[in-house]
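Undergrad: pasting a predicted model and its sequence here:
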Amino acid sequence: MRIEIITTGDELMSGLTQDGNFSWAGDTLASRGLAAEFHTTVGDDRESITAALGIASGRADAVIVSGGLGPTPDDLTAEVAAAFFGSPLELSDEALRSIEERMKQRGRVLTDMNRKQAYLPHGAEVLLNHWGTAPGFSMKKEGTVFYFLPGVPREFRAMMEEYVLPGLERMAAGRKRVRSRLVKTFGLPESEVAIRLQGIEREGIRLGYRAHFPEVHLRVTAFGNTDGEAEELMKGFVRDVKSRLGSYVFSTEGETMEEVVGIFLRRHGMKLATAESCTGGLISNRITNVPGSSDYFLEGVVSYSNEAKRMLLGVPEDLLDTHGAVSAPVVEAMARGVRKLAGSDIGVGVSGIAGPGGGTPEKPVGTVFIGIDSEKGGTRSEKFLFHGTREEIKLITSSHALRLIMQTFLNNV
């Protein structure tokens with residue numbers, strides 16, 4: 001089955017907004033063995049949207065259209081679809097009742113602009129939006145089914161799950177059974193991952209690469225005559241991937257690094273505390289983004305200045321004077337200090353130069369030290385020299401800190 005995704009919006013064409021709906025939909029379809037074959041992005045323009053629908057109807061069996069169903073004048077998708085299908089817009093009582101209910105729940109009054117969203121092409125199947133006000137709709141033309149969904153990501157994703165994916169699964173009935181996993185790696189560039197996996201291809205397996213800075217993700221899809229056959233193919237292939245990439249693989253089930261760290265901490269019944277300088281709290285932010293992280297995360301200190309390092313963490317002044325804030329002795333002292341301060345089992349200390357200024361010949365921009373301290377493992381640190389923007393250096397630093405925490409468990413703490 002050939003699937004096309006059309007995303008609409010001037011904000012996408014201008015680059016002001018990233019096309020997250022396509023990215024999410026593409027990955028979600030791939031995880032179900034329903035890969036999109038075509039993707040088109042157009043602005044809020046009648047001619048462009050009409051042309052995109054026409055091209056898609058000639059090459060795809062199913063078309064997913066995102067955006068342009070809102071109440072404002074530049075939301076043109078329903079109007080263009082009506083002309084494209086030769087079905088005039090008409091008021092859908094079902095859609096109107098749904099919008100009225102949503103507005104009532106929000107304590108707002110229905111306006112004429114909101115009523116506009118209830119006008120859909122004649123004969124369209126209404127896809128009620130339980131997550132927002134813009135209803136979606138579905139239509140067919142010459143063997144191609146079209147799904148029109150709102151562009152708000154939360155609503156788009158929910159309506160994909162509610163309506164589109166079940167519909168596509170029904171259309172694809174009779175195909176081989178599918179199993180899919182997202183294998184995540186960290187520490188190797190995409191090219192090195194590909195080199196290490198050369199020759200791993202085999203019948204019944206589709207392998208896709210995706211660079212997701214600073215990680216490299218592998219979408220593995222297995223096809224079998226039965227669910228069991230597909231699962232066995234998947235397990236064997238993932239085992240081979242792990243044997244070739246070793247500890248660079250941190251997840252075979254799609255978890256984030258911070259989720260994996262949480263799994264380790266909870267499994268061992270241990271607590272964590274962090275002391276951050278150049279990352280400004282990013283490590284603790286990532287850790288606390290995981291629901292239930294209060295079970296194992298005790299405290300995060302942002303000790304940006306030398307004074308804060310001395311006053312809050314007890315870093316000796318002579319260490320700062322002798323080695324500088326960006327040094328192995330200081331991050332090790334930060335890790336020990338925050339572990340003592342919080343009463344945690346593991347302490348992490350980070351200090352570096354994220355740029356774009358502040359570098360020296362001895363310590364150029366991108367120089368970062370990460371220290372880690374635990375009762376059994378003692379205190380250790382690593383030095384890094386990263387390249388990239390300030391945001392990239394902060395992000396990759398936080399990822400290496402999480403990797404070091406994981407290694408602490410692999411080394412029996």
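TA: Received, thanks.
Undergrad: buried set for the least confident helix or strand in the chain by mean pLDDT?
TA: Ranked by mean pLDDT, DSSP states H and E, the weakest helix or strand in the chain is helix 112-116, scoring a mean of 88. Buried residues in helix 112-116, defined by neighbour count with 16 or more other C-beta atoms under 10 Å: Asn114, Lys116. Heads up, the C-betas are built off the backbone N, CA and C, glycines and all.
Undergrad: helices or strands next to that helix in the packing?
TA: If contacts are counted by 3 or more C-beta pairs under 8 Å, 6 or more residues apart in numbering; DSSP states H and E, helix 112-116 sits against helix 93-105.
Undergrad: distance from the helix it packs on to the middle of the chain?
TA: Helix 93-105 has its C-alpha centroid displaced from the chain centroid by 32 Å (C-alpha atoms, centre = their mean, to the nearest Å).
Undergrad: and stretch 46-56, by the same measure?
TA: 30 Å.
Undergrad: picking up where we left off before, now the least confident helix or strand of the chain - C-alpha only, PDB.
TA: Listed next in PDB are the C-alpha coordinates belonging to helix 112-116 (Å, rounded to 0.1, in the frame of the first residue of the first chain):
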ATOM      1  CA  ASP A 112     -19.000  32.400  13.500                       C
ATOM      2  CA  MET A 113     -15.400  31.700  13.000                       C
ATOM      3  CA  ASN A 114     -15.800  28.500  15.100                       C
ATOM      4  CA  ARG A 115     -18.900  27.600  13.000                       C
ATOM      5  CA  LYS A 116     -16.700  27.700   9.900                       C
END
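Undergrad: ok, then the element right after that helix?
TA: The element immediately downstream of helix 112-116 (helix or strand, assigned by DSSP states H and E) is strand 119-121.
Undergrad: which residues are contacting the helix or strand where Val368 lies?
TA: For Val368, the host element (DSSP H and E) is strand 367-374. Strand 367-374 is contacted from outside by 278, 326-328, 330-336, 339, 345-353, 359, 379-386, 393, 397, 400-401, 404-405, 408, 413, using C-beta atoms under 8 Å, 6 or more residues apart in numbering.
Undergrad: and what of stretch 85-103?
TA: Residues from elsewhere that reach stretch 85-103, judged by C-beta under 8 Å, 6+ apart: 78-79, 82, 109-110, 114-115, 117-124, 126, 128-129, 132-133, 135, 139, 141.
Undergrad: in ChimeraX, how would I select the buried members of those residues?
TA: Typed into ChimeraX, the line below selects the buried ones among the contacts of stretch 85-103, using 16+ other C-beta under 10 Å:
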select :78,79,82,114,117,118,119,120,121,124,126,128,129,132,133,135,139,141
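Undergrad: what mean pLDDT does the strand holding Val368 have?
TA: For strand 367-374, mean pLDDT is 97.
Undergrad: would you map the helices across the stretch 201-350 of the chain?
TA: Assigned by DSSP state H, counting those that start in this stretch, the helices in the stretch 201-350 of the chain fall at 227-245, 257-268, 282-288, 306-313, 317-323, 328-342.
Undergrad: most tightly packed of those helices?
TA: helix 328-342 (a mean of 24; mean count of other C-beta atoms under 10 Å).
Undergrad: quick one: contacts of that one?
TA: Applying C-beta under 8 Å, 6+ apart, the contact partners of helix 328-342 are 271, 273-275, 277, 298-299, 301, 303, 309, 312-316, 319-320, 322-324, 344-351, 369-374, 379-381, 383.
Undergrad: work out the gap between that helix and the centre of the chain.
TA: Computed by C-alpha atoms, centre = their mean, the chain-centroid distance of helix 328-342 equals 32 Å.
Undergrad: and what of stretch 38-49?
TA: With C-alpha atoms, centre = their mean, you get 25 Å for stretch 38-49.
Undergrad: pull out the buried residues from it.
TA: Neighbour count says stretch 38-49 has His39, Thr40, Thr41, Val42, Gly43, Asp44, Asp45, Ser48, Ile49 buried, by 16+ other C-beta under 10 Å.
Undergrad: go on, stretch 294-308?
TA: Applying 16+ other C-beta under 10 Å to stretch 294-308 flags Tyr296, Phe297, Leu298, Glu299, Gly300, Val301, Val302, Ser303, Asn306 as buried.
Undergrad: now the residues you listed as CSV including distance to Met234?
TA: Output for the buried residues of stretch 294-308, formatted as CSV (distance: C-beta to C-beta, whole Å):
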residue, distance to Met234
Tyr296, 31
Phe297, 33
Leu298, 38
Glu299, 40
Gly300, 38
Val301, 43
Val302, 42
Ser303, 45
Asn306, 52
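Undergrad: what's the most distant pair in those residues?
TA: Greatest spatial distance in those: Tyr296 and Asn306, 29.7 Å, computed using C-beta to C-beta.
Undergrad: which helix runs longest in this protein?
TA: Secondary structure assigned by DSSP state H gives helix 390-410 as the longest helix of the chain.
Undergrad: tell me the helices and strands packed up against that one.
TA: Applying 3+ C-beta pairs under 8 Å, 6+ apart, we find helix 390-410 packed against helix 257-268, helix 282-288, strand 346-352, strand 367-374, strand 378-385.
Undergrad: how about the strands in the stretch 51-200 of the chain?
TA: Ranges of strands in the stretch 51-200 of the chain, per DSSP state E, counting those that start in this stretch, are 62-66, 89-91, 119-121, 125-127, 136-141, 144-149, 177-186.
Undergrad: now mean pLDDT and distance to Arg239 too, for those, in JSON lines please.
TA: Output for the strands of the stretch 51-200 of the chain, formatted as JSON lines (pLDDT from 0 to 100; distance: least, C-beta to C-beta, whole Å):
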{"stretch": "strand 62-66", "mean pLDDT": "98", "distance to Arg239": "34"}
{"stretch": "strand 89-91", "mean pLDDT": "96", "distance to Arg239": "55"}
{"stretch": "strand 119-121", "mean pLDDT": "97", "distance to Arg239": "50"}
{"stretch": "strand 125-127", "mean pLDDT": "97", "distance to Arg239": "41"}
{"stretch": "strand 136-141", "mean pLDDT": "97", "distance to Arg239": "41"}
{"stretch": "strand 144-149", "mean pLDDT": "98", "distance to Arg239": "37"}
{"stretch": "strand 177-186", "mean pLDDT": "94", "distance to Arg239": "11"}
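Undergrad: alright, I will stop here.
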